[in-house]
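Visitor: this one's sequence-less:
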DNA sequence: CTGAAAGCGCTAACAT
DNA sequence: ATGTTAGCGCTTTCAG
């Protein structure tokens, strides 16, 4: 890069103090006289000096590198999280290293731990659905790597998780559909075993029951969070002798599948069938009709995760343990209508 | 991390040679006896030793870190490029650091150069449309940072660019639409000044002319690669006294806008109007009707870019200069039909 | 083909 | 509040 990068020694020489003091200024150590600090800071600015992260890392056993582990089909979500995390990184002098992975690979855990170790990452942020893997979290913990998981429930201690309450979000959707007059509502769940599947489903059912209308067993279909599974489940649901007037698919991909399938069967959405999704992916606003859905506070979660992670790294335990429950928002669009 | 990580010294001690030799083995230096090398390699494997990247970087002025600079609304594209680049990184022992940015910010160049410098990146990959910024490339070059740009034309020397031929792709679309019997074809271009805008438009026009049907000036609209601009341009285009029978929007976002606008105006796609896009974004396969579009060889481009970049870093100039012209592919779906 | 010694740029005890 | 002295783990002259 620069033929002769300015080093801490240059700064030390020019300011007439030892490098130790410069180091203290760089690292915001408290034990520097205000005057000295300012004088040195000025010289640093003039020289446009910035410390070599590798040397710093080598000496302090720190890399100033955060990792992000994910296997998520939703590119927009990933992208949003990356940007959110980075907004914090930039303030605090970290960089973000990405690690997409294959959730189903049996090397998943080894590779993740190895990733963190080999790159000497200061910590990692894990996105759903990988974040639900407790074995991974355990392995990371054992390997002594800091981590924060993005999740829908408290599947770890406060310092290791950032939660958005999908249960109440699904409940809000139930409330909304009921308010539109729907009573027979089909539900397309995610794959069994996933926490988000359960949170969303239970939130929905509970809310429904509060309105006195239980979810009919015939109206519950198990999907796979994929477009195709949305189509398939819709066929099943609509084949019911007493078909639903609305279908809540527990993610947008499936909801878009519902719309496709319904139109294929000659139905009009929302006139013949109301459809709702979950995610507010890019699809939701582009599909015709635009999709009523739920928007998770992705950027906030990402920022919070990064903030917590760095707090852990710095050993600021109480900051790392703040537990804020973020609440998703209901986005009303054109795929749902009142049948009252 | 590990309370006591094994170091090169451990390996040296156990194998009874000096660290210099271990270092040679690690770095595949030629000057090591075959027997010694194998013996040492075995010990390395047994110890599960991997060199500390920071120490290595500090000593060798290398970080084994690649950066990715982009400001692209298409999350899927970014994600694909990330995965492609990473597939190469993993083979060659690099990690990827991401740097989304604001193309319009006047700090763009400073921040990018700073990003590379501060993190001591070995090189960066720049995605369109940021990649079209020659000032950025110039600044990077001057700062002595290796870079490779993803582009639609040869806007830099071979070692600095990976090209997909969008001109011929647009031509292929023209051929296809003409083959379906369309003669009055509307074209929605990208923003003026962008290379891809020009490549796609010229490719399209040239091909059209080969078929003896020039693009009517009234049927050319200037969009902004956004959904909204697609809608707006469609309104203009369809207000024409002799409206087009097909519209080729030069990206999917706009094409989806076209479909929305057309349906709003009571038209059926593809019965009353054929629509085509460019990108094969996730939208293309989900929208109703599914969108005929063009798929760039994104992963290949990404892999090629990473390969070139690392070749440059390693000083393998000829490898860095291979120039392969990648060709996008036409994806036929349901938004276009024959009017013959 | 291999080894000894001198750093790379920074932080961390331990003084003072 | 500031300076001194060792390293962190690796690569690289330069000898042999």
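Guide: Cool, got the structure. Please read these numbers as outputs of a predicted model, since none were measured by experiment.

Visitor: okay, the closest residue to residue A:19 other than its chain neighbours and DNA strand D: tell me how far apart.
Guide: Nearest-residue entry for residue A:19: residue A:12, 4.4 Å, with adjacent residues in sequence omitted and distances by CB to CB, 6 or more residues apart in numbering or on different chains. To be clear about C-beta, it is placed using only N, CA and C from the backbone, and glycine gets the same treatment. Distance, residue A:12 to DNA strand D, by CB to the nearest atom of the strand, to the nearest Å: 8 Å.

Visitor: and the helix or strand encompassing residue A:12, which residues are buried?
Guide: Element membership for residue A:12 (DSSP states H and E) is helix A:8-15. Neighbour-count burial for helix A:8-15, counted by 16 or more other CB atoms under 10 Å in any protein chain shown, picks out A:8, A:10, A:11, A:12, A:14, A:15.

Visitor: need these in CSV (columns: pLDDT and distance to DNA strand C).
Guide: Converted to CSV, the buried residues of helix A:8-15 look like this (pLDDT from 0 to 100; distance: CB to the nearest atom of the strand, whole Å):
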residue, pLDDT, distance to DNA strand C
A:8, 88, 3
A:10, 87, 8
A:11, 88, 7
A:12, 87, 9
A:14, 87, 12
A:15, 86, 13
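
Visitor: outline the domain layout of chain A.
Guide: Listed domain ranges for chain A are A:8-60, A:65-165+A:298-327, A:166-296 (source: automatic domain parsing).

Visitor: now the second one: how far from the chain's centre is it?
Guide: Right, domain A:65-165+A:298-327. Distance of domain A:65-165+A:298-327 from the chain centroid (CA atoms, centre = their mean, to the nearest Å) equals 9 Å.

Visitor: now distance to residue A:94 too, for the buried residues of helix A:8-15, in a markdown table please.
Guide: Below are the buried residues of helix A:8-15 laid out as a markdown table (distance: CB to CB, whole Å):
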| residue | distance to residue A:94 |
| --- | --- |
| A:8 | 20 |
| A:10 | 25 |
| A:11 | 22 |
| A:12 | 26 |
| A:14 | 28 |
| A:15 | 27 |
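
Visitor: which one of the residues you listed is nearest chain B?
Guide: Closest to chain B out of these is residue A:8 (13.2 Å), distances taken as CB to the nearest CB.

Visitor: pretty sure the closest one contacts residue A:22?
Guide: Yes: between residue A:8 and residue A:22 there is a contact under CB atoms under 8 Å: 5.2 Å.

Visitor: which residues are common contacts for these two?
Guide: Common contacts of residue A:8 and residue A:22 (CB atoms under 8 Å, 6 or more residues apart in numbering or on different chains): none found.

Visitor: what angle do the longest helix along chain A and helix B:75-92 make?
Guide: As assigned by DSSP state H, the longest helix anywhere in chain A is helix A:75-92. Orientation check (axes from the mean of the first three to the mean of the last three CA atoms, to 10 degrees): helix A:75-92 against helix B:75-92 gives 70 degrees.

Visitor: list the contacts of the next helix or strand after helix A:75-92.
Guide: The C-terminal neighbour of helix A:75-92 among helices and strands, as given by DSSP H and E, is strand A:95-100. With contact meaning CB under 8 Å, 6+ apart, strand A:95-100 is reached by A:64-71, A:82, A:85-86, A:89, A:112, A:115, A:119, A:121, A:124, B:65, B:79, B:82-83, B:86, B:95-98, B:119.

Visitor: what sits closest to residue A:197 if chain neighbours are left out?
Guide: Per CB to CB, 6+ apart, closest to residue A:197 is residue A:190, 3.7 Å.

Visitor: oh, that last question was meant for residue A:302, not what I typed.
Guide: Using CB to CB, 6+ apart and skipping the chain neighbours, the partner closest in space to residue A:302 is residue A:84 (2.6 Å).

Visitor: what's around the one you found, how many residues?
Guide: Using other CB atoms under 10 Å in any protein chain shown, residue A:84 has 21 other residues around it.

Visitor: likewise the one 3 residues further on?
Guide: Per other CB under 10 Å, the neighbour tally for residue A:87 reads 14.

Visitor: got the contact list for it?
Guide: Residues near residue A:87 by CB under 8 Å, 6+ apart: A:299, A:303, A:306.

Visitor: got the buried residues for whichever strand or helix holds the second one?
Guide: Residue A:303 belongs to helix A:298-313 when assigned by DSSP H and E. Judged by neighbour count (16+ other CB under 10 Å), helix A:298-313 contains these buried residues: A:298, A:301-313.

Visitor: likewise for stretch A:211-219?
Guide: Neighbour counts over stretch A:211-219 (16+ other CB under 10 Å) mark A:213, A:215, A:216, A:218, A:219 as buried.

Visitor: quick one: it to chain centroid distance?
Guide: Offset of stretch A:211-219 from its chain centre (CA atoms, centre = their mean): 31 Å.

Visitor: run through the residues of chain A sitting next to DNA strand C.
Guide: A:5, A:7-9, A:19-20, A:22-23, A:26-27, A:49, A:51-52, A:55-56, A:58-60 (CB under 7 Å from any atom of the strand).
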